[in-house]
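1. Quick one, structure for this:
(chains A and B)
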Number of protein chains: 2
Amino acid sequence: MCQLLGMNCNVPTDIVFSFTGFATRGGRTDEHKDGWGIAFFEGAGVRLFVDHQSAVASPVADLIKRYPIKSRNVIAHIRKATQGHIALENCHPFVRELWGRYWVFAHNGDLKNFAPKLHGPFRPVGSTDSELAFCYLLQQLHAQFGDTAPTTKALSHALKTLTEEIAAHGVFNMMLSDGSALYAYCSTKLHYIVRQYPFTQAMLSDEDLSVDFSEVTTPNDRVALIVTEPLTTNETWHAFAPGELKIFFDGAPITTTT
Amino acid sequence: MCQLLGMNCNVPTDIVFSFTGFATRGGRTDEHKDGWGIAFFEGAGVRLFVDHQSAVASPVADLIKRYPIKSRNVIAHIRKATQGHIALENCHPFVRELWGRYWVFAHNGDLKNFAPKLHGPFRPVGSTDSELAFCYLLQQLHAQFGDTAPTTKALSHALKTLTEEIAAHGVFNMMLSDGSALYAYCSTKLHYIVRQYPFTQAMLSDEDLSVDFSEVTTPNDRVALIVTEPLTTNETWHAFAPGELKIFFDGAPITTTT
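-> So this is what the prediction gives:
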């Protein structure tokens, strides 16, 4: 399987601290060494870094740990191959364009007997169940909403139905973002935390590293982190319930069902 | 305007030497400082690096100059903004998926009164004439060939018509690749060279740097480089004729009209 890391903030924030702990699981403190990737939204644009090398050995991962790219929405992934060989085209996150926006997607899990009919414009390039699920998701959203992007509320309702349909085929923890909101669906395991004023110190569980967020933030900053396994030892992470879809906007989960 | 650099090879080759000279034009020896980007195919996968900083100042460009990523098809671009503000979503190359392959596109030029109707699944995310032209190209190819990828020959013929149609709106030098062939269309200015056995020394025109390719190649290697302005001072570069579309495959231009 794999691990996922997502960040959604109300101001552009760098993810160097969290990514440093997360990347350590890509071959050192954990077994996810079959590639990795990270996508940063900057405005409407996306920077996507993928590598089929393990995150602990990759020069590109080393750059990310040193270069504080500031973003309001980030999705990262470290891969332990289940379906699809070790190759660049099988590294998450995947990016496609729909409604004149980039969509970034990453998946943790394993789908069985999942062979949806693809009749729309989205086709997988690689051989993972994950990219197939992403293409199917976008195809169904496009079929449902046509050429006009829906509201976040309408999109959330559609995603709830679609993610449940896909999750019936196995394990399907996923993150999806269009650079505005971050949609996280938990099939078996996801955790999140919201960091906001008053900020405190956080200590990584995978590296001997801590940061005092009060020194690098303003009182208005708010950052939500979503991850497969909690990244720090001294903060309270909230577990998603299985089957739960959460939408993060401006650094906090929002309710769309009211 | 901007400058383009493309490479097509018969074996995976690194572009460190050529990119080093090219990137110098991104703010030091020339004025193209409004962002840059480079896309490397690795098998079916793509690594895309884009930055709205100038190529001479970018930590990501610095990584590319140090990290020899080997690829058979590369497209790079340094930007001098004409249409579209300086932002990540306006940096070339652009990537979209069609027929289960990634397509990479970059443009040098400026299009006037170019407002094609987009009714297909490809929409620009940014505000450049270039991304609009790319979306229009893919839409028309998809409309012409449906859900099945055409042969290189059929695609070349379709591209010849489409590039001429777009070039009627202004300057349209462009490069396009699906990781197999590299298609280069010259509206006003493009040059190319084929490096093959016996390899010799090459000296960059923008940096005090030379390389003896005979030391880093095998006799079977063949590399085509396509660029706006010649990169070296001691090699013979061939100028494209205005209106010429060339298809590079396995490191050399091929003829598709026989």
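2. Now do the helix or strand of chain A with the lowest mean pLDDT: which elements does it pack against?
-> Across the helices and strands of chain A, mean confidence by mean pLDDT, DSSP states H and E is lowest for helix A:59-66: a mean of 84. Where contact means 3 or more Cβ pairs under 8 Å, 6 or more residues apart in numbering or on different chains; DSSP states H and E, helix A:59-66 is packed against helix A:16-24, strand A:45-51, helix B:59-66. Where you see a C-beta, it was placed from the backbone N, CA and C, and this is true even at glycine.
3. Among these, which comes closest to B:R101?
-> Closest of the helices and strands packed on helix A:59-66 to B:R101 is strand A:45-51, at 16.3 Å (criterion: Cβ to Cβ).
4. related to what we said a few turns ago, quick check: buried residues in the least confident helix or strand of chain A?
-> Neighbour counts using 16 or more other Cβ atoms under 10 Å in any protein chain shown place A:60-61, A:63-64 of helix A:59-66 among the buried residues.
5. what do you get for stretch A:111-122?
-> Across stretch A:111-122, burial judged by 16+ other Cβ under 10 Å covers A:111, A:114, A:120-122.
6. Give me the subset of those that lies in strands.
-> Counting by DSSP state E, those place A:L111 in strands.
7. so which of the buried residues of stretch A:111-122 comes closest to A:I193?
-> Closest to A:I193, out of all of the buried residues of stretch A:111-122 and judged by Cβ to Cβ, is A:L111, at 27.9 Å.
8. okay, that closest one: pLDDT?
-> Looking at A:L111, its pLDDT is 96.
9. same thing with A:Q53?
-> For A:Q53, the pLDDT comes out at 84.
10. For the closest residue to it other than its chain neighbours, give me phi and psi.
-> Once flanking residues are discounted, A:Q53 sits nearest to A:G35: 7.2 Å by Cβ to Cβ, 6 or more residues apart in numbering or on different chains. Torsion angles at A:G35 (phi, psi; degrees, to the nearest 10) stand at phi 110, psi 170.
11. What residues does A:G35 make contact with?
-> By Cβ atoms under 8 Å, 6 or more residues apart in numbering or on different chains, the residues touching A:G35 are A:50-54, A:78-79, A:81, A:86-88, A:90-91.
12. Mind doing that once more with 10 Å?
-> A:2, A:26, A:50-55, A:58, A:77-81, A:84, A:86-88, A:90-92, B:45 (Cβ atoms under 10 Å, 6 or more residues apart in numbering or on different chains).
13. Below-threshold pLDDT in chain A: ranges please.
-> For chain A, the stretches with pLDDT under 70 are A:1, A:27, A:256-258.
14. Next, name the residue at the spatial heart of it.
-> A:I75 (3.5 Å; Cα atoms, centre = their mean).
15. Can you spell out which residues form a bridge with A:H238?
-> Note on A:H238: beta-bridge partners A:Y192, judged by DSSP bridges.
16. count of neighbours near it?
-> Look at A:H238: counted by other Cβ atoms under 10 Å in any protein chain shown, it has 14 neighbours.
17. my read: it touches A:A184, true?
-> No - checked against Cβ atoms under 10 Å, the pair A:H238 and A:A184 is beyond contact range at 11.7 Å.
18. which residues sit in contact with the residue nearest to the centre of chain A?
-> A:I75 neighbours (Cβ under 10 Å, 6+ apart): A:4-8, A:37-41, A:46, A:48, A:92-95, A:104-106, A:174-177, A:182, A:184, A:226.
19. Buried among those? Need that as a selection in ChimeraX.
-> Buried residues among the contacts of A:I75 (16+ other Cβ under 10 Å), as a ChimeraX selection:
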select /A:4,5,6,7,8,37,38,39,40,41,46,48,92,93,94,95,104,105,106,174,175,176,177,182,184,226
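20. Of the contacts of A:I75, which ones also sit close to chain B?
-> A:37, A:40-41, A:46, A:48, A:94-95 (Cβ under 10 Å from any Cβ of the partner chain).
21. and which of these is nearest chain B?
-> Relative to chain B, the closest of those is A:L48; by Cβ to the nearest Cβ it sits at 6.0 Å.
22. State the distance from A:L138 to chain B.
-> Using Cβ to the nearest Cβ, to the nearest Å, we find A:L138 at a distance of 9 Å from chain B.
23. likewise A:Y192?
-> A:Y192 sits 27 Å away from chain B, going by Cβ to the nearest Cβ.
24. is it true that that residue touches A:A241?
-> No - counting by Cβ under 10 Å, A:Y192 does not reach A:A241; the two are 11.8 Å apart.
25. which one of these two has more residues nearby?
-> Ranked by neighbour count (other Cβ under 10 Å), A:Y192 and A:A241 place A:Y192 first, with 21 against 9.
26. dump the residue contacts of the more buried one.
-> Shown in contact with A:Y192 (Cβ under 10 Å, 6+ apart): A:6, A:8, A:184, A:186, A:224-227, A:230, A:237-240, A:246, A:248, A:252-253.
27. what's the span of stretch A:74-93, first residue to last?
-> Stretch A:74-93 has an end-to-end distance of 10 Å (criterion: Cα to Cα, to the nearest Å).
28. so how far is that stretch from its chain's centroid?
-> Centre-to-centre, stretch A:74-93 and its host chain are 12 Å apart (Cα atoms, centre = their mean, to the nearest Å).
29. Just the buried positions in it, please.
-> By 16+ other Cβ under 10 Å, the buried positions in stretch A:74-93 come out as A:74-84, A:87-93.
30. cool, and stretch A:212-229?
-> A:213, A:217, A:221-229.
31. Among those residues, which one sits closest to chain B?
-> Among the buried residues of stretch A:212-229, A:V223 lies closest to chain B (Cβ to the nearest Cβ), at 20.7 Å.
32. Which residues does that closest one form beta bridges with?
-> In this entry, A:V223 is beta-bridged to A:C9, A:R195, by DSSP bridges.
33. Surely it is in contact with A:N73?
-> No - if you go by Cβ under 10 Å, A:V223 and A:N73 don't touch, sitting 11.1 Å apart.
34. Common neighbours of these two, please.
-> A:7-9, A:248.
35. Surely A:W103 and A:L141 touch.
-> Yes - taking Cβ under 10 Å as the definition, A:W103 is a contact partner of A:L141 at 9.0 Å.
36. what touches both of the two?
-> A:122, A:176.
37. For A:T128, give its distance to B:K65.
-> Computed as Cβ to Cβ, to the nearest Å, the A:T128 to B:K65 distance reads 32 Å.
38. So which of the contacts of A:G35 belong to strands?
-> Taking DSSP E, the ones among those that sit in strands are A:2, A:50-51, A:77-79, B:45.
39. ok, A:G126 - contacts?
-> A:G126 makes contacts with A:83-85, A:87-92, A:94, A:132, B:43-45, B:100, as judged by Cβ under 10 Å, 6+ apart.
40. Over to A:V216?
-> Going by Cβ under 10 Å, 6+ apart, A:V216 touches A:13-14, A:17, A:68, A:199.
41. circling back: could I get the helices and strands packed on helix A:59-66 in a markdown table, plus columns for distance to B:F145?
-> Output for those, formatted as a markdown table (distance: least, Cβ to Cβ, whole Å):
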| stretch | distance to B:F145 |
| --- | --- |
| helix A:16-24 | 41 |
| strand A:45-51 | 27 |
| helix B:59-66 | 34 |
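42. what sits opposite the residue nearest to the centre of chain A in the beta ladder?
-> Beta-bridge pairing for A:I75 (DSSP bridges): A:G6, A:A39.
43. for chain B, what are the nearby residues on the stretch 151-258 of chain A?
-> Residues of the stretch 151-258 of chain A lying close to chain B (Cβ under 10 Å from any Cβ) are A:G179.
44. Might one say that A:Q144 is in contact with A:A154?
-> Yes - taking contacts as Cβ under 10 Å, A:Q144 lies within contact range of A:A154: 8.8 Å.
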